[in-house]
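Peer 1: Kindly return the folded structure for what I paste below:
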Amino acid sequence: EFIGKSQSFKVVTDREDVFLRLFTPKKSKDTEWDNMSPTFPTGDISFMNGISAIGTKTQKPETTGPMGMKHVFYDFDKEPSRALDMTLYFDFSGK
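Peer 2: Residues are numbered from 1 along each chain as shown. As a prediction, this is how the structure comes out:
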């Protein structure tokens, strides 16, 4: 539920594997390597089918094992019929 000063609304989905991203964290300045800043979509609010992996101070996410792999949304074939889909329901009634 998003609660605003003038309008509140709810967002629901019928799936368990949808993640909400609200705002984008600043890039880490702790190291000269840029391994700890995951890739985010543009904007500050998004609904995602996966969470980007985060590396370590000295390793990129792709080198840390299976959980560090990049997400593949088209099942290796860029055929639109095989793309993942997501259904979101927005309720602006304020109830």
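
Peer 1: Retrieve the pLDDT associated with the residue minimising distance to the centre of the chain.
Peer 2: In the chain, the residue lying closest to the centroid (Cα atoms, centre = their mean) is residue 48, at 4.1 Å. On the pLDDT scale, residue 48 is placed at 84.

Peer 1: Also residue 32?
Peer 2: Residue 32 is given a pLDDT of 67.

Peer 1: pLDDT weak spots in the chain?
Peer 2: Counting by pLDDT under 70, the chain shows low-confidence ranges at 28, 30-37, 71-77, 95.

Peer 1: all strands of this protein, in order?
Peer 2: Assigned by DSSP state E, the strands in the chain fall at 10-13, 19-22, 45-48, 88-91.

Peer 1: Residue 82: which of the ones you listed is closest?
Peer 2: The closest of the strands of the chain to residue 82 is strand 45-48. By Cβ to Cβ, the value is 18.3 Å. C-beta coordinates here come from the backbone N, C-alpha and C atoms, glycine included.

Peer 1: For residue 79, find the nearest of the strands of the chain.
Peer 2: Between the strands of the chain, strand 45-48 lies closest to residue 79; by Cβ to Cβ that is 21.3 Å.

Peer 1: ok, back up a step: redo the strands of the chain as TSV? Include distance to residue 66.
Peer 2: Below are the strands of the chain laid out as TSV (distance: least, Cβ to Cβ, whole Å):
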stretch	distance to residue 66
strand 10-13	26
strand 19-22	18
strand 45-48	19
strand 88-91	28
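
Peer 1: Before I go, just wanted to say thanks for your time.
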